[in-house]
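A.B. asks: Would you be able to build a 3D model of this:
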Amino acid sequence: MNGNWNEISKNLSNTLNETIVFSQQIPVSGGCINQGWKVTDRKGHLWFVKTNKASLVSMFEAEAAAVNELKATGAISVPQAYCFGSSAEWSYLVLEFIPLGGCINQAQTGKQLAALHQHHHLGEKPFGWSIDNTIGATPQSNTPHASWLSFYKKERLLFQLNLAKSKGYSSKAFDMGLLLAEKLPLFFSNYRPKASLLHGDLWSGNCASDEQGNPVIFDPASYYGDRETDLAMTELFGGFNQQFYDAYHHHYPIDSGYKSRKTLYNLYHILNHYNLFGGVYASQAESMIQKCLSQV
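C.D. replies: Numbers count the residues shown, from 1 in each chain. Next up is the predicted model:
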């Protein structure tokens with residue numbers, strides 16, 4: 001294990017152009033994909049390090065890129081990414097260590113998320129991103145598209161449906177999912193989303209406050225897409241109060257058709273949960289598909 005930590009400290013030292021020697025590594029619980037560590041160096045500085053098997057270094061490369069892109073907006077606090085790489089046994093990502101507590105100031109969180117979503121990507125193919133990443137442990141394709149409709153259909157809905165089929169998802173539910181994919185234009189007849197910078201995995205477990213009460217978001221699965229996808233996920237597992245939504249709407253009003261698209265967007269995450277964990281998520285995804293079809 002010492003060899004792994006020596007490699008990480010060497011990379012960090014090269015990145016910062018100063019000698020960093022780790023003195024203590026304490027495992028941190030809570031992550032379901034990676035192992036987290038609270039690391040102290042000999043000068044008493046703290047670092048947060050994520051580790052996984054060596055073959056997954058590209059996952060940390062994408063996360064570092066997302067963290068840097070989010071941080072560059074200045075809209076909301078994100079732990080700084082210092083370096084990533086692989087050692088003999090591990091892949092790793094070194095991040096700024098921020099002591100975190102519950103998401104205290106939800107109105108401020110809503111305001112700052114609205115500011116983040118007003119960072120738009122322009123160009124011929126604005127939807128997607130320059131690098132693929134992961135949603136949990138599942139690959140997430142960010143191949144750029146000219147239209148949001150084609151991006152969401154191919155890179156999100158059909159991707160998860162085809163993966164679910166390979167994992168034993170019922171033919172009935174799969175066929176209903178294909179029908180929904182063909183009917184997607186009906187959800188966008190009066191709505192043209194802009195390509196907003198997204199967190200991409202915005203549930204309450206990826207949002208907290210620092211010691212001063214300032215909002216902090218982390219563990220992104222970022223790309224440029226419809227901001228409603230981030231908002232929909234905040235409602236999927238709860239944890240965000242009305243002050244959050246009121247503040248967001250005040251600073252970046254939500255389209256009146258959002259309610260009709262919310263289930264459609266959260267279907268992506270429930271299908272992903274089925275592909276990761278199986279079980280009850282199969283029937284939940286099928287119910288969501290049926291609900292979406294009943295709306296069109």
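
A.B. asks: What is the burial count for K183?
C.D. replies: 13 (other CB atoms under 10 Å). C-betas here are computed from N, CA, C, even on glycine.

A.B. asks: That one and I289 touch, don't they?
C.D. replies: No. Using CB atoms under 8 Å, K183 makes no contact with I289, being 10.8 Å away.

A.B. asks: what do the two both touch?
C.D. replies: When contacts are counted by CB atoms under 8 Å, 6 or more residues apart in numbering, the set common to K183 and I289 is empty.

A.B. asks: what bits of the protein have low per-residue confidence?
C.D. replies: Scanning the chain with the threshold set as pLDDT under 70 gives 1, 30-31.

A.B. asks: what's the span of stretch 86-93, first residue to last?
C.D. replies: 9 Å (CA to CA, to the nearest Å).

A.B. asks: where do the strands sit along this structure?
C.D. replies: In the chain, the strands defined using DSSP state E lie at 22-28, 35-41, 46-53, 81-86, 90-96, 133-135, 138-140, 196-197, 207-209, 215-217, 224-225.

A.B. asks: Dig out what the nearest residue to S29 once chain neighbours are set aside forms beta bridges with.
C.D. replies: Once flanking residues are discounted, S29 sits nearest to G36: 7.7 Å by CB to CB, 6 or more residues apart in numbering. Beta-bridge pairing for G36 (DSSP bridges): V28, K50.

A.B. asks: what number of residues lie near G36?
C.D. replies: G36 is flanked by 17 other residues according to other CB under 10 Å.

A.B. asks: on that earlier part again, the strands of the chain into TSV, with extra columns for distance to L264?
C.D. replies: Shown next, in TSV, are these (distance: least, CB to CB, whole Å):
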stretch	distance to L264
strand 22-28	35
strand 35-41	33
strand 46-53	31
strand 81-86	32
strand 90-96	32
strand 133-135	16
strand 138-140	17
strand 196-197	17
strand 207-209	23
strand 215-217	23
strand 224-225	13
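
A.B. asks: any idea which of those is most buried?
C.D. replies: strand 224-225 (a mean of 28; mean count of other CB atoms under 10 Å).

A.B. asks: Could you list every helix and strand in contact with that one?
C.D. replies: strand 196-197 (3 or more CB pairs under 8 Å, 6 or more residues apart in numbering; DSSP states H and E).

A.B. asks: ok, and what's touching the strand it packs on?
C.D. replies: Contacts for strand 196-197 (CB under 8 Å, 6+ apart): 69-70, 73, 116-121, 222, 224-227.

A.B. asks: Could you pick out the buried ones from those residues?
C.D. replies: Buried members of the contacts of strand 196-197, counted by 16 or more other CB atoms under 10 Å: E69, L70, L116, H117, H119, H121, S222, Y224, G225, D226, R227.

A.B. asks: Nearest to H250 among the residues you listed?
C.D. replies: H117 (13.3 Å; CB to CB).

A.B. asks: Return the residues in contact with the closest residue to Y82 other than its chain neighbours.
C.D. replies: Leaving aside its chain neighbours, Y82 sits nearest to V94 (4.5 Å; criterion: CB to CB, 6+ apart). Applying CB under 8 Å, 6+ apart to V94 gives the contacts I8, N11, L12, W47, F48, V49, A81, Y82, C83, F84.

A.B. asks: I'd like to know how many residues surround the third one.
C.D. replies: L12 sits with 23 neighbouring residues when counted by other CB under 10 Å.

A.B. asks: any idea how far it is from L95?
C.D. replies: Going from L12 to L95 by CB to CB, to the nearest Å gives 11 Å.
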